[in-house]
Structure formats: structure tokens, C-alpha cells
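Student: following is a predicted model, sequence given first.
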Amino acid sequence: MALPDGFQFSQASLQDYVECRRRFQLRYLHHLAWPAVEAEPALEYERCLRQGEAFHRLIHQHLLNFPSAQLSSMAADAELGRWWHHYLTGAPADLPDLRYPEVILSAPIYSHRLVAKYDLIAVEPGERMVIVDWKTYRRRPPREWLARRLQTQVYPYLLVLAGFHLNGGQPVQPEQVEMIYWFAEFPQAPERFAYSSTQHRRDGDYLTGLIHEIAGLAEDHFTLTDDRRRCRYCPYRSLCRRGIRADSFDETDYEIRLEDFDLSPELEFITEAVL
Ligand code: SF4
């Protein structure tokens, strides 16, 4: 078996696996850092990553009740300022009052864990739990693309499993859960996904099946993807002999993942599911 006990799966690692088993192996099992940029131009790509992080930090501080005026002065850059203005004037208005920003939930699956970090969970205990994910994509992804993302399955599924303590100590019913993707460049066009018991069962079957499959895979079965389009933004291109140059992320930049995060075990605010 290739996976160490206690291995933590995230939506990002599962997304990597379904796109390319080899990328999953290189990134999460071999922890191989490969010196290739994920998109060109490299400096612009790097700048966009930093902007996205800065925007998430501003919102986090705002949700912790830092004064808006003080935060606005930190959004001096034109792009960041525009996103910040969009957030202040166009963020989802119908959210429950109880807000939990940057919360991490975790649940055991077999001898491994499924972990997710949420930008925001807004709660009306026993009634509604709304997951909000802030996106800084330059282009608005279609609903079908978002629906296929592992994030859209992992986040609501895990909230039902592990979010009881945010729900006034009551079990979370799938029908209480909604997920919203809010786009900083398109504040009037958020995408909303309602959740249901049927979907929760379906997600559970799929995610546990996927994790079971990965856990049982022999070392030499982490094969390269047949779909060479997956290699366009992959840092392991030269290692896999799938090209040297990265594609320009201007074209389809929402396909590049900006939402990876550090799953270090010492994070204090991990909340475990009690199963
Ligand atoms: S370059 Fe292509 S085959 Fe290699 S890890 Fe990346 S996506 Fe997979």
C-alpha cells in the first residue's frame, strides 16, 4: 500500500488524483517540488496568487470585525481595491448572522482523514448552514464545471459529517446546507448549490470509493494521464516529458487551482467528526 496511515485527503488532492494519478503521487506521496511554473507569464501568475491571498486575508479580517475603513486603506492596488469594493457592496446579503471564517473540518475515512478548510460557514443553528467560497478567477466558470469539482462534493459532505458543533451541537441535516461560490470579479453572479440527503449519500459513496481505490493502489499504478490537456499547467511537465513551456493562464485561468492550503497537523482549529 502506498499511503501512510493517517494520510489527509483534501479536495485539492482528490482533484489531482481524478485528473492525473501520477500528479497525485508526485505531489502528495513523494512531496516532489519540481522547478516548473504552472502558468505563463510566471511573474503575472505569481502576482495573481498573492492578490488572491491578500483578498482572502482582507475578508477574514473583516469577518473578525476589523474596521472596514482600516482594511480599505490596505486595498490600495487597483485590482484588489475593485474586489474589495465588490465585496463590501455585493457579497451575498442573505447569510445567517453567525459567521465562522477560515474554519477547518476533518473526518476519518477508513484509516485516513478527509479535511477541508472553508473560507466561511454562516450558520443559523438548526436551520441553515451556508458555505461561502471566495473566488478571484478572471473568468466566470460555468455552473457545470463547478458542479464537477471535488470541492463542490467534499465541502457540503464534510460539513454534514463534522459540522455538528457549529450547528448548536445538533446533527447537520443535508437539506440545511447550501454552498455558494462568490466571484470577486462578478459579484452579481454567484453560483449556489443546494444540498440534499440524496446528494449526501451519492457523495459519500463516491468519496469513500475514491479514497478506498487510492489507498489500494500499488506504487506503479499511479499512471500518467492520457489527457495531455491536464499537463498544460502541471509543474511536472518536464519530468513526465509532456512539454517544457506552460500555457498562458489568461485563456482559462479558472482551471488553475488557487485554493491549495497547508494541511499541517498542528493547525489548532481542526474540528474532528465524531462518528
Ligand atoms: S505532466 Fe501530465 S502526466 Fe505528468 S503529472 Fe502532470 S498532469 Fe500528470
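Tutor: That came in fine, so what should we check first? If you're wondering where the values come from, they're calculated on a predicted model, not measured in any experiment. Residues are numbered from 1 along each chain as shown.
Student: could you identify the longest helix within the protein?
Tutor: Longest helix in the chain, counting residues (DSSP state H): helix 42-63.
Student: could I get the buried residue list for it?
Tutor: 45, 48-49, 51-52, 54-56, 58-59, 61-63 (16 or more other C-beta atoms under 10 Å). Every residue, glycine included, has its C-beta placed from N, CA and C.
Student: what is the neighbour count of Cys20?
Tutor: Neighbour count for Cys20, taken as other C-beta atoms under 10 Å: 24.
Student: partners of the helix or strand hosting Ala122 in the sheet?
Tutor: Element membership of Ala122, judged by DSSP states H and E, is strand 112-124. Strand 112-124 sits in its sheet next to strand 8-9 (parallel), strand 98-109 (antiparallel), strand 128-135 (antiparallel), going by DSSP bridges.
Student: so where do the helices sit in the protein?
Tutor: In the chain, the helices defined using DSSP H lie at 11-19, 21-24, 42-63, 68-74, 78-90, 143-148, 150-162, 197-215, 249-252.
Student: any chance of CSV for those helices, columns distance to Met129 and mean pLDDT?
Tutor: Output for the helices of the chain, formatted as CSV (distance: least, C-beta to C-beta, whole Å; pLDDT from 0 to 100):
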stretch, distance to Met129, mean pLDDT
helix 11-19, 18, 96
helix 21-24, 30, 96
helix 42-63, 16, 89
helix 68-74, 26, 92
helix 78-90, 21, 96
helix 143-148, 19, 96
helix 150-162, 6, 98
helix 197-215, 13, 97
helix 249-252, 32, 53
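Student: nearest to the ligand, out of those helices?
Tutor: helix 21-24 (3.6 Å; C-beta to the nearest ligand atom).
Student: so Ala147 makes contact with Gln199?
Tutor: No. Using C-beta atoms under 8 Å as the test, Ala147 is too far from Gln199 to be in contact (10.6 Å).
Student: more neighbours: the two, which one.
Tutor: Gln199 (19 against 12).
Student: and stretch 14-34, what's buried?
Tutor: For stretch 14-34, by 16+ other C-beta under 10 Å, it's 14-17, 19-29.
Student: check the separation of the first and last residues in it.
Tutor: End-to-end distance of stretch 14-34 (C-alpha to C-alpha, to the nearest Å): 20 Å.
Student: what lies in contact with it?
Tutor: Stretch 14-34 is touched from outside by 2-3, 7, 13, 149-151, 154, 207, 210-211, 214, 217, 219, 221-225, 227, 230-231, 234-236, 238-240, 257, with contacts defined as C-beta atoms under 8 Å, 6 or more residues apart in numbering.
Student: what about that stretch, near the ligand?
Tutor: Yes. Using C-beta under 6 Å from any ligand atom, stretch 14-34 reaches the ligand at 20, 22-23, 26.
Student: possible to save those as CSV with distance to Phe186?
Tutor: Converted to CSV, those look like this (distance: C-beta to C-beta, whole Å):
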residue, distance to Phe186
Cys20, 29
Arg22, 34
Arg23, 29
Leu26, 34
